[in-house]
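Novice: build me a model from this:
(one chain, ligands or ions: 2)
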Amino acid sequence: MSSKQPHRDPGPGGLAIETAGLVKTFGDNRAVDGVDLAVPAGTVYGVLGPNGAGKTTTVKMLATLLRPDGGEAHVFGHDVVREADTVRGLVSLTGQYASVDEDLTGTENLVLLARLTGHAKKAAYSRAEQLLDAFGLGDAAARQVKHYSGGMRRRIDIAASILNTPDLLFLDEPTTGLDPRSRNQVWDIVRAVVGHGTTVLLTTQYLDEADQLAARIAVIDKGKVIAEGTKGELKASVGAGSVHVRLRHAEQRPQAEEVLRVVLGARVQLEPDPVALTARVGGGPADGRGAAEQASRALAELARTGITVDNFSLGQPSLDEVFLALTGHPSEPSGAPGPDGSDSPKDLKEAEAAR
Ligand SMILES: Nc1ncnc2c1ncn2[C@@H]1O[C@H](COP(=O)(O)OP(=O)(O)O)[C@@H](O)[C@H]1O
Ligand SMILES: [Mg+2]
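Specialist: Ligands and ions are numbered 1, 2, ... in the order given. This is a model prediction of the structure:
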């Protein structure tokens, strides 16, 4: 991508972002309720939380789009309130600063934005072409953005936000609602962006996304950070994975539940589907291999006791399971989605259509 390396000195302690007791209230809703973050420069930092947790509100305060009601936030050592102009020069926020025009082609959009931000005409065209190619949009360069798929649209949004390589890029749920292939493409882009020296703050509702991309992760719930650490640390506290089992016969479920509970030593969740069960494996210091081993022991024990298993999978814990492990309660939206709101794929489509 760009040959320009971010030049900004990291803030004190090599931090791109440092917040202390950050608060934002909407009426009596404490959307962000005393958030402390320390984001090392040059890394991807994941902020993981369910819909309504306060992710977007936090990002907006850091990007100077919303004024905090309490606490402090510094970006590369600059106060987001007192030095808002300086901060604005260092950050980029996908889909907010760089909004693409549906009626323009991919090339036209990027050239226009590049021209607006001071690129000479020739440089604007070459930067646009470079980004479109890098983001796999070369073939779609001459097509109007309104004919792009959701994944293409998300990629051009990100391309637009890194036209001028920012020191800090906010990606607010960049893959919500995307199919797996498009998600992977966005992930590759994030890796490339951070490879060029940009710090990325990525919010997500998907544990696997944070796991794929982020060096450190903060889990947020109802405006508060409820866990923070490297992904290794986080996984050690929530378990390395979860087994999902589907039985042939619903009447064998109580027996299967008991077998799993004994073999795995973990709480077993009965799914709404009467033949399905889920259990956590590999808690504590266990790694992925430990989880697979435990799962196969469980499977063998089910077979030995004459329980017929139709389907079996070992996956990463879902966000729900992470929340259950960290808080003892399932994740639930902590309020109605905000006006800008949306995070479900359906809302996202509407939000896109409305733009
Ligand atoms: N502009 C706003 N006015 C009133 N309430 C808002 C506004 N923006 C967000 N909220 C509320 O603040 C809380 C956090 O929202 P948000 O930061 O958008 O969460 P997330 O991005 O994690 O889904 C929610 O309860 C939401 O309804
Ligand atoms: Mg949000």
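
Novice: SS state for residue 203?
Specialist: What DSSP: H, G, I helix; E, B strand; the rest coil gives for residue 203 is strand.

Novice: ok, it touching residue 49?
Specialist: Yes - with contact defined as Cβ atoms under 8 Å, residue 203 counts as touching residue 49 (7.5 Å). (Glycine included, C-beta is placed from N, CA and C.)

Novice: between those two, which contacts overlap?
Specialist: residue 55 (Cβ atoms under 8 Å, 6 or more residues apart in numbering).

Novice: give me every residue that touches the residue nearest the centre of the chain.
Specialist: For the chain, residue 204 is the residue whose C-alpha lies nearest the centre (Cα atoms, centre = their mean; 2.3 Å). Residues in contact with residue 204 (Cβ under 8 Å, 6+ apart) are 46-48, 173-176, 210.

Novice: please apply the same query to residue 43.
Specialist: Residue 43 neighbours (Cβ under 8 Å, 6+ apart): 194, 199-200, 214-216.

Novice: look up how far ligand 1 lies from it.
Specialist: 21 Å (Cβ to the nearest ligand atom, to the nearest Å).

Novice: from residue 73, how far off is that residue?
Specialist: Per Cβ to Cβ, to the nearest Å, residue 43 is found 18 Å from residue 73.

Novice: and for the closest residue in space to residue 137 that isn't next to it in sequence, the neighbour number?
Specialist: Once flanking residues are discounted, residue 137 sits nearest to residue 106: 5.4 Å by Cβ to Cβ, 6 or more residues apart in numbering. Other residues near residue 106 come to 28 when the count uses other Cβ atoms under 10 Å.

Novice: and the strands in the stretch 1-150 of the chain?
Specialist: Using DSSP state E, counting those that start in this stretch, the strands found in the stretch 1-150 of the chain span residues 15-26, 29-40, 44-48, 70-75, 78-79, 91-93.

Novice: determine how far the last residue of stretch 47-54 lies from the first.
Specialist: 10 Å (Cα to Cα, to the nearest Å).

Novice: stretch 158-177 now?
Specialist: 16 Å.

Novice: equivalent analysis for stretch 294-313, please.
Specialist: 13 Å.

Novice: quick revisit: from ligand 1, how far off is the residue nearest to residue 137?
Specialist: 28 Å.

Novice: and residue 256, by the same measure?
Specialist: Applying Cβ to the nearest ligand atom to residue 256 and ligand 1 gives a distance of 36 Å.

Novice: which one of the strands of the stretch 1-150 of the chain lies closest to residue 141?
Specialist: Nearest to residue 141, of all the strands of the stretch 1-150 of the chain, is strand 91-93, at 21.4 Å by Cβ to Cβ.

Novice: other residues contacting that closest one?
Specialist: 59, 62-65, 75, 98, 161-162, 164, 166-170, 172.

Novice: so in that sheet, which strands flank it, and in what orientation?
Specialist: strand 168-172 (parallel) (DSSP bridges).

Novice: of the contacts of residue 204, which is the nearest to ligand 1?
Specialist: Minimum distance to ligand 1 across these is 7.3 Å, recorded for residue 173 (Cβ to the nearest ligand atom).

Novice: lowest average confidence across helices and strands of the protein, where is it?
Specialist: Lowest mean confidence among the helices and strands of the chain (mean pLDDT, DSSP states H and E): helix 345-354, at a mean of 36.

Novice: sorry, back to before: nearest to residue 36 among the contacts of residue 204?
Specialist: Of the contacts of residue 204, the one sitting nearest to residue 36 (Cβ to Cβ) turns out to be residue 47, at 12.4 Å.

Novice: that closest one bridge partners, please.
Specialist: Where residue 47 sits in a bridge, its partners, by DSSP bridges, are residue 203, residue 218.

Novice: test my guess that it contacts residue 202.
Specialist: Yes - between residue 47 and residue 202 a contact is recorded at 7.1 Å, counting by Cβ under 8 Å.

Novice: what about the helices in the stretch 51-200 of the chain?
Specialist: In the stretch 51-200 of the chain, the helices defined using DSSP state H, counting those that start in this stretch lie at 55-62, 84-88, 106-116, 121-134, 150-161, 180-195.

Novice: so the fifth one versus helix 106-116, what angle?
Specialist: Using axes from the mean of the first three to the mean of the last three Cα atoms, to 10 degrees, one finds that helix 150-161 and helix 106-116 are set 20 degrees apart in direction.

Novice: how does the chain divide up, domain by domain?
Specialist: 12-235, 240-316 (automatic domain parsing).

Novice: mean confidence score for the last one?
Specialist: When pLDDT is averaged over domain 240-316, the result is 86.

Novice: re the thing from before, ligand 2 is nearest to which of the domains of the chain?
Specialist: Between ligand 2 and these, the tightest spacing by Cβ to the ion is seen for domain 12-235, at 3.2 Å.

Novice: in stretch 13-26, what's buried?
Specialist: The neighbour-count check on stretch 13-26 (16 or more other Cβ atoms under 10 Å) flags 15-19, 22-24 as buried.

Novice: same question, stretch 192-200
Specialist: 193-194, 197-200.

Novice: chain center to it, what's the gap?
Specialist: 16 Å (Cα atoms, centre = their mean, to the nearest Å).

Novice: up against ligand 2, what does the stretch 1-150 of the chain have?
Specialist: 55-56 (Cβ under 5 Å from the ion).

Novice: point out the residues in the stretch 1-150 of the chain that sit beside ligand 1.
Specialist: Neighbours of ligand 1 within the stretch 1-150 of the chain, by Cβ under 6 Å from any ligand atom: 26, 29, 31, 49, 51-57.
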